[in-house]
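Peer 1: Take a look and give me a structure for this.
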Amino acid sequence: MASAAEQLASNINFGTFSRATELKKRIWFTLAALLVYRFGTYISLPGINIDALRQTFEQHASGVLGLVNMFAGGAVGRMAIFALGIMPYISASIIVQLLTSIIPSLESLKKRVN
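Peer 2: This next block holds a predicted model:
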């Protein structure tokens with residue numbers, strides 16, 4: 001009787017995978033997105049004193065700051081671009097919505113776009 005691993009290996013057909021072009025495109029896109037994200041976690045924000053930031057993270061590594069840095073993959077400790085997350089987008093969206101209610105020309109522009 002064949003083991004489960006042997007049965008699985010005998011059922012795998014790489015010829016089917018080679019014909020699945022849509023699947024390969026999606027896998028390559030996912031790998032490229034992960035690569036871009038990993039590089040983005042090493043690009044520091046301008047105007048940040050890296051030495052002072054590193055010192056702060058070393059002092060508070062056992063607290064909540066260390067936990068947040070761990071979940072971000074160390075990107076918060078390096079104050080990288082992708083450590084910002086979605087908050088800049090949300091803040092900009094709120095500011096633009098507030099400005100459209102204050103400035104009439106922005107409100108007319110919004111009506112023309114929609």
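Peer 1: Return the distance of Arg78 relative to Ala72.
Peer 2: Arg78 sits 9 Å away from Ala72, going by Cβ to Cβ, to the nearest Å. From N, CA and C alone the C-beta is placed, and that goes for glycine too.
Peer 1: Between these two, tell me which one has more neighbours.
Peer 2: Counted by other Cβ atoms under 10 Å, Arg78 and Ala72 do not tie: Arg78 has more neighbours, with 21 against 16.
Peer 1: How about the contacts made by that one?
Peer 2: Going by Cβ atoms under 8 Å, 6 or more residues apart in numbering, Arg78 touches 41-42, 44, 50, 53.
Peer 1: Could you verify that it is part of a strand?
Peer 2: No. Applying DSSP: H, G, I helix; E, B strand; the rest coil, one finds Arg78 to be coil, outside a strand.
Peer 1: and it, backbone torsions?
Peer 2: Note on Arg78: backbone dihedrals following degrees, to the nearest 10 are phi -90, psi -10.
Peer 1: now Met70
Peer 2: Per degrees, to the nearest 10, the backbone of Met70 is at phi -70, psi -40.
Peer 1: what number of residues lie near it?
Peer 2: Residues lying near Met70 (other Cβ under 10 Å) number 12.
Peer 1: Let me know the pLDDT of it.
Peer 2: Looking at Met70, its pLDDT is 80.
Peer 1: likewise His60?
Peer 2: 80.
Peer 1: Which neighbouring elements make contact with the helix or strand harbouring Ala92?
Peer 2: Secondary structure from DSSP states H and E places Ala92 in helix 87-102. In terms of contacts (3 or more Cβ pairs under 8 Å, 6 or more residues apart in numbering; DSSP states H and E), helix 87-102 is packed against helix 104-113.
Peer 1: what sits up against the helix it packs on?
Peer 2: With Cβ under 8 Å, 6+ apart, helix 104-113 has contacts from 96, 99-101.
Peer 1: Okay, Ala72 and Leu98: tell me how far apart.
Peer 2: The gap separating Ala72 from Leu98 is 29 Å, by Cβ to Cβ.
Peer 1: Oops, could you answer that again for Leu106 instead?
Peer 2: Distance from Leu106 to Leu98, by Cβ to Cβ: 10 Å.
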